[in-house]
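J.: structure for the following, please:
(chains A, B, C and D)
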Protein chains: 2
Amino acid sequence: MTAERTGTSAPAGPPSTRLRNTRQAEALESILREADGFRTAQDLFAELRRRGDRIGLTTVYRHLATLAEQGSADVVHTADGESQYRLCGVPAGTGKPAEDHHHHLVCRQCGRSVEVSGPEVEAWAERVAAAAGYTEISHTLEVFGLCPEHSSTAG
Amino acid sequence: MTAERTGTSAPAGPPSTRLRNTRQAEALESILREADGFRTAQDLFAELRRRGDRIGLTTVYRHLATLAEQGSADVVHTADGESQYRLCGVPAGTGKPAEDHHHHLVCRQCGRSVEVSGPEVEAWAERVAAAAGYTEISHTLEVFGLCPEHSSTAG
DNA sequence: GTAGCTGCAAACAATTTGCACACCG
DNA sequence: CGGTGTGCAAATTGTTTGCAGCTAC
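T.: Predicted coordinates for the structure are as follows:
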């Protein structure tokens, strides 16, 4: 599974995403923090370049993959098949990062997202799976909608 | 670059799978019926060819898109980003196709799937969305696991 | 000084599209 | 005979990989 917890007590240090602390890696994490919601790798890359950061698309993809692999970032796939990333763990690391399985409510317009946890959904998935005799259940749930600011209240 | 969608002139016709009854269309539907679970377009295409049917990849994609568009087929996206298709509605069309929103429990091994409906999940999605002030909610839920035949009960 | 990090460009795979022709009706 | 479904191959697009140089440590 993905519940890898090596450190007992999280030090107040920076996230060891990679062995070396490079400017590119920091720039990427920085922009990921600024982003309110999910962004595509291409989008992140473009914005990084716009900010004047010298970084390559390859590096963006590589860091994104690393972040996702270690659970520091969430990945959702749009209907287009594009991968959208977003920092997931708690940056300040005061307590515990998102160790729990949760999902996201993503705005179709701005990509702004809200983390939501649905224990009942998990339970439901387990139940229907068990009813069908399926084991080793995993699920992907993505909720899309329009955030308050982009909701067209006036018809 | 940007996703420019120019094809907006879609003739609003009746829910016909295809205008003409061609051998290729029948072959595709036939193999879709045989398939117990979700299959990728490439896979479907390969099997069609294996059976001796003369059909092009393009045609497979086109029919799959049509079927999905009219709701006769379901589409799920694997983590790889590949699109998997499966006949969803009632083939003979005697009653009514799956007009209701439902999800699938797909086997990781054989792709065999079971249709499941989770009214509570729908309700949950609506609720958390409303709580966050989101509107026009839509969601994608895919449950993966191992079917009874592929479950490794004996460790 | 080394080794991991970076980045350009080519490789890659899935999917779409243009265009000419065959086939359905 | 007409229109459109078909199919090949090229174009597109998002992502990965090879390799040579740079940089952090």
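J.: hmm, the longest strand along chain A in reach of chain B?
T.: Within chain A, and with DSSP state E defining each element, the longest strand by residue count is strand A:135-146. Yes. If you take Cβ under 8 Å from any Cβ of the partner chain as the test, strand A:135-146 does meet chain B, through A:135-146. Where you see a C-beta, it was placed from the backbone N, CA and C, and this is true even at glycine.
J.: which one of the residues you listed sits closest to residue A:115?
T.: Closest approach to residue A:115 among the residues of strand A:135-146 next to chain B (Cβ to Cβ): residue A:143, at 10.9 Å.
J.: what number of residues lie near the closest one?
T.: Counted with other Cβ atoms under 10 Å in any protein chain shown, the neighbours of residue A:143 add up to 25.
J.: bridge partners for it, pull those for me.
T.: Assessed by DSSP bridges, residue A:143 has beta-bridge partners residue A:105, residue B:139.
J.: assign the nearest residue to residue A:132 once chain neighbours are set aside to helix, strand or coil.
T.: Here the nearest residue to residue A:132 in space, its sequence neighbours aside, is residue B:114; by Cβ to Cβ, 6 or more residues apart in numbering or on different chains that works out to 4.7 Å. When the structure is split into helix, strand and coil by DSSP: H, G, I helix; E, B strand; the rest coil, residue B:114 lands in strand.
J.: contacting residues around residue A:140?
T.: Listed by Cβ atoms under 8 Å, 6 or more residues apart in numbering or on different chains, the contact set of residue A:140 reads B:79, B:140-142, B:144.
J.: can you pull out the strands in chain A?
T.: Under DSSP E, chain A gives strands at A:39-40, A:73-77, A:83-87, A:103-107, A:113-116, A:135-146.
J.: quick check: mean pLDDT of the second one?
T.: Strand A:73-77 shows a mean pLDDT of 85.
J.: the fifth one now?
T.: The average of the pLDDT scores along strand A:113-116 is 82.
J.: list the helices and strands that strand packs on?
T.: Under the contact criterion of 3 or more Cβ pairs under 8 Å, 6 or more residues apart in numbering or on different chains; DSSP states H and E, strand A:113-116 touches strand A:103-107.
J.: with distance to residue A:51 added, can I get the strands of chain A in JSON lines?
T.: Compiled in JSON lines, those are given as follows (distance: least, Cβ to Cβ, whole Å):
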{"stretch": "strand A:39-40", "distance to residue A:51": "13"}
{"stretch": "strand A:73-77", "distance to residue A:51": "19"}
{"stretch": "strand A:83-87", "distance to residue A:51": "17"}
{"stretch": "strand A:103-107", "distance to residue A:51": "23"}
{"stretch": "strand A:113-116", "distance to residue A:51": "22"}
{"stretch": "strand A:135-146", "distance to residue A:51": "28"}
